[in-house]
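In: sequence unknown, structure follows:
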């Protein structure tokens, strides 16, 4: 039986207005090679200076990860030559900002702490673009953007644990405001290190570079575990190398032999003094940390009695959980609020390709719809249709119901007439029902609702149907 051992390096862009060591603007989709200067391009005679805000946000992240902050950390030069690295080296840290810590995940079989090795600050490289004609271009706008590299211990056992860890880590950096962590924009890039073995000794590891979606991480890990097992079973050895994920072919492609620490020729950055922190710096960031996603996840389940799957959707972004709780505070039941948010609101946003910030309805709209259901003005199906119709307009639910004549029919006489019509039109089905096919009752309910354009009170429909069918 083979055992997989996985560690993950994450590069998260720090949410700052300017780059790590210069004053150039951080801007996604800016015109190529416009947000650059002599410092981030590494021109002779230039001197870097540390972005204070980047350090503050990295400290805040380290605290949220339960890590130990190093009061003195060192910047170093990591030397390697690649077209998107203008200086020929990357400024990173040899003594990291923080060490230790953990991210707690829910494995389905209980909680598990994924240990963190270190968190250090560094600068991003530029971005290469390759054309079908074989040409390559480089945009240096991203060069020098501040990064946090967060490295886990090799304690992850499979692709499911890896995805759970990355989801929670991404939520944490979003909650503390240190990164937007948009994977499509390259703000949260993942590099798993994978090895397999038949005993407690770790096998030879390979690294899959720059995965930019959780689905890609899951598939790449699963593929690489399978590839390594097949390689060993054939009697061949695993080569320690860096791989690239080929999305089209759904396979990992060898990129280069994996570099060792010595090959990077690390040495202290001569143009930057050590980064010194004090207790006041750390305490200031500690006070700014909100309730974190793991804590919120547990509390929402306990406080509102919702399912784990529902709580996980709510905590994905802090503003979704906040919308839910404010809806409940406004008078909406947790059951209705969770259903409307996770199914109807998020479903409509996904369909329209819009963001949560684009919705015009607020928690008070959900509470008002709940009240309309409670006083039997509308039923749940109508409430869902109303909500979907006013999400992007912000129209008052009561006004929408009145304007579109959607009020629920509770008049037993009107419903009875519809039932009698239905029975006359479906004599064969009625006979089958009377002969014991009770499952047809659902069919009758649906047909009555259809006749009354969904506006009949379901409870009254059930009562009237039962009375009339039993009399017959």
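Out: The structure has been received and is ready for your questions. The model shown is predicted, which means the values in this text are computed figures rather than measured ones. Numbers count the residues shown, from 1 in each chain.
In: can you tell me which helices and strands the lengthiest strand in the chain packs against?
Out: Longest strand in the chain by number of residues (criterion: DSSP state E): strand 111-123. Where contact means 3 or more Cβ pairs under 8 Å, 6 or more residues apart in numbering; DSSP states H and E, strand 111-123 is packed against helix 52-64, strand 72-79, strand 89-95, strand 98-99, strand 102-106, strand 146-152, helix 159-175. Where C-beta positions appear, they are placed from N, C-alpha and C, glycine not excepted.
In: direction included, what does the second one pair against?
Out: What that stands for is strand 72-79. When pairing is defined by DSSP bridges, strand 72-79 lines up against strand 89-95 (antiparallel), strand 267-268 (antiparallel), strand 275-276 (antiparallel).
In: the strand or helix carrying residue 218 vs helix 159-175, what angle?
Out: Assigned by DSSP states H and E, residue 218 belongs to helix 214-233. Relative orientation of helix 214-233 versus helix 159-175 (axes from the mean of the first three to the mean of the last three Cα atoms, to 10 degrees): 150 degrees.
In: ok, then the element right after helix 214-233?
Out: Assigned by DSSP H and E, the successor of helix 214-233 is strand 241-246.
In: what packs against that following strand?
Out: Using 3+ Cβ pairs under 8 Å, 6+ apart: strand 241-246 touches strand 206-209, helix 214-233, strand 251-257.
In: present the ones you listed as JSON lines; the columns should include distance to residue 119 and mean neighbour count.
Out: Shown next, in JSON lines, are those (distance: least, Cβ to Cβ, whole Å; neighbours: other Cβ atoms under 10 Å):
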{"stretch": "strand 206-209", "distance to residue 119": "19", "mean neighbour count": "20"}
{"stretch": "helix 214-233", "distance to residue 119": "19", "mean neighbour count": "18"}
{"stretch": "strand 251-257", "distance to residue 119": "26", "mean neighbour count": "13"}
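In: which residues touch residue 429?
Out: Residues near residue 429 by Cβ atoms under 8 Å, 6 or more residues apart in numbering: 440, 443-444.
In: now, among the residues you listed, which is nearest to residue 398?
Out: residue 444 (31.5 Å; Cβ to Cβ).
In: circling back to that earlier point, dump the helices and strands packed on strand 241-246 to JSON lines, plus mean pLDDT and distance to residue 286.
Out: Output for the helices and strands packed on strand 241-246, formatted as JSON lines (pLDDT from 0 to 100; distance: least, Cβ to Cβ, whole Å):
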{"stretch": "strand 206-209", "mean pLDDT": "94", "distance to residue 286": "34"}
{"stretch": "helix 214-233", "mean pLDDT": "95", "distance to residue 286": "29"}
{"stretch": "strand 251-257", "mean pLDDT": "81", "distance to residue 286": "40"}
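In: of these, which approaches residue 313 most closely?
Out: For the helices and strands packed on strand 241-246, the distance to residue 313 is smallest for helix 214-233, at 14.4 Å, taking Cβ to Cβ.
In: quick one, the closest one and strand 241-246 angle?
Out: Using the same axes, to 10 degrees, helix 214-233 lies at 130 degrees relative to strand 241-246.
In: make residue 1 into 296 and carry on from there
Out: With 296 as the first residue, the last one maps to helix 509-528.
In: what's around residue 761, how many residues?
Out: 12 (other Cβ atoms under 10 Å).
In: and residue 729, how many neighbours?
Out: Residues lying near residue 729 (other Cβ under 10 Å) number 13.
In: got the phi/psi numbers for the nearest residue to residue 425 once chain neighbours are set aside?
Out: Sequence neighbours aside, residue 431 is the residue nearest to residue 425 in space, at 5.1 Å (criterion: Cβ to Cβ, 6 or more residues apart in numbering). When read as degrees, to the nearest 10, the backbone of residue 431 gives phi -130, psi 140.
In: hmm, back to that, tell me the strands beside the longest strand of the chain, with direction?
Out: Paired neighbours of strand 406-418 in the sheet (DSSP bridges): strand 393-394 (antiparallel), strand 397-401 (antiparallel), strand 441-447 (antiparallel).
In: give me the residues contacting the longest one.
Out: Contacts of strand 441-447 with the rest of the structure, by Cβ under 8 Å, 6+ apart, involve 302-309, 311, 314-315, 321, 346, 349, 353, 356, 360, 387, 398, 409-419, 460, 464, 468, 473-474.
In: give me phi/psi at residue 308?
Out: Backbone torsions for residue 308, taken as degrees, to the nearest 10, come to phi -70, psi 130.
In: quick one: the residue nearest to it when sequence neighbours are not counted from residue 640, how far?
Out: In space, and not counting its chain neighbours, residue 308 is closest to residue 482: 4.2 Å by Cβ to Cβ, 6+ apart. If you measure residue 482 against residue 640 using Cβ to Cβ, to the nearest Å, the figure is 25 Å.
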